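J.: requesting a structural model of the entry that follows:
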Amino acid sequence: MSGNLFSENGIPDRLQVTAVELTTPLSQTTTFVSSDGSFEFRSLPAGSYEVRLTTLQGDIISKQIVNVPSIMAVRFDLTSVTGVRASKIGPVSYYRMSHHVPGKARKLWEKAVRAARAGRHDESSDLLDKALANDGQFADALHMRGVYALQAKDFTLASDLLGHAATLDESNPNFLADAAFGHFAAESQAKAQGFARSALRLDPGNKKANYVLALTMLKQGNQGEETVHALQQASPLFPSAARILNQLHASGPHR
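T.: Model (predicted):
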């Protein structure tokens, strides 16, 4: 499946597109937007997807439902979307003010981002590994490399990398939510719940963190108010959260 972005004001830098399978929302595939606004998913299985245009930090700019293979081209029109601008490396935090990224590591990371946007994901991953060899505490490189590990379904590596990034930059709710996602995929429920709660303390409306929190609570047999509230918060973004919520309502009150 391929697609492109349209904007009368030009295409913002550092955007990515994620295809989320509606039947299993934890199954996601992410690709980067090229400088000309194009993007492509290779070997995307047939099914129904929510395709999201986001910043590198996971902030959703626009989204639409796509059925593969009946729809093989997607177009995002940014002209009608307000507040779209080039994405930042990340929010200001103690980590970002105190940690100096060596010039070589930063240049390698920037090359990795450009390679990713051009669809050269293997090259991008290799560049990230080199950046991390120069600076093992480079949170943005750790996070991006962790996303690649998730795509490769190497959940152990993904949880390690995403968890490291979130621990370094603990003021970034998107890093924390992705760490929760990675640990849930790696079946590390306690850590997933811990990262989800940390994300929600900073951003109570974070839908990914709410969804992971709800899933971990359900695995513990907790179907009470906190779980219901988390599912309600996650439902606009994760259709399966709404289905779980309907099932809970149908089966009566729970604790």
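J.: need the contact list for Ala177.
T.: Gly58, Phe195, Ala196, Ala199, Asp203, Asn206, Lys208, Ala209, Val212 (CB atoms under 8 Å, 6 or more residues apart in numbering). Yep, even glycine has a C-beta here, placed from its N, CA and C like the rest.
J.: any chance of those in JSON lines, plus neighbour count?
T.: Compiled in JSON lines, the contacts of Ala177 are given as follows (neighbours: other CB atoms under 10 Å):
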{"residue": "Gly58", "neighbour count": "22"}
{"residue": "Phe195", "neighbour count": "30"}
{"residue": "Ala196", "neighbour count": "29"}
{"residue": "Ala199", "neighbour count": "28"}
{"residue": "Asp203", "neighbour count": "16"}
{"residue": "Asn206", "neighbour count": "24"}
{"residue": "Lys208", "neighbour count": "23"}
{"residue": "Ala209", "neighbour count": "32"}
{"residue": "Val212", "neighbour count": "32"}
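J.: filter those down to just the ones in strands.
T.: Applying DSSP state E to the contacts of Ala177, no entry is found in strands.
J.: next, format those as JSON lines and append distance to Asp154.
T.: Shown next, in JSON lines, are the contacts of Ala177 (distance: CB to CB, whole Å):
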{"residue": "Gly58", "distance to Asp154": "20"}
{"residue": "Phe195", "distance to Asp154": "18"}
{"residue": "Ala196", "distance to Asp154": "21"}
{"residue": "Ala199", "distance to Asp154": "22"}
{"residue": "Asp203", "distance to Asp154": "27"}
{"residue": "Asn206", "distance to Asp154": "24"}
{"residue": "Lys208", "distance to Asp154": "20"}
{"residue": "Ala209", "distance to Asp154": "22"}
{"residue": "Val212", "distance to Asp154": "19"}
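J.: closest one of the residues you listed to Gly136?
T.: Phe195 (20.0 Å; CB to CB).
J.: what helix or strand is the nearest residue to that closest one once chain neighbours are set aside located in?
T.: In space, and not counting its chain neighbours, Phe195 is closest to Ala180: 3.8 Å by CB to CB, 6 or more residues apart in numbering. Using DSSP states H and E, Ala180 maps to helix 173-185.
J.: ditto for Gln16
T.: Per DSSP H and E: strand 15-21 holds Gln16.
J.: so in that sheet, which strands flank the following helix or strand past that strand, and in what orientation?
T.: For strand 15-21, the following helix or strand on the C-terminal side (DSSP H and E) is strand 28-32. Sheet pairing of strand 28-32 (DSSP bridges) gives strand 15-21 (antiparallel).
J.: contacts for the strand it pairs with, please.
T.: Applying CB under 8 Å, 6+ apart, the set of residues contacting strand 15-21 is 1, 3, 5, 27-33, 39, 41, 44-45, 47-56, 61, 66, 74, 87, 116, 238.
J.: try 7 Å this time
T.: By CB atoms under 7 Å, 6 or more residues apart in numbering, the surrounding residues in contact with strand 15-21 are 3, 27-33, 39, 41, 44, 47, 49-56, 87.
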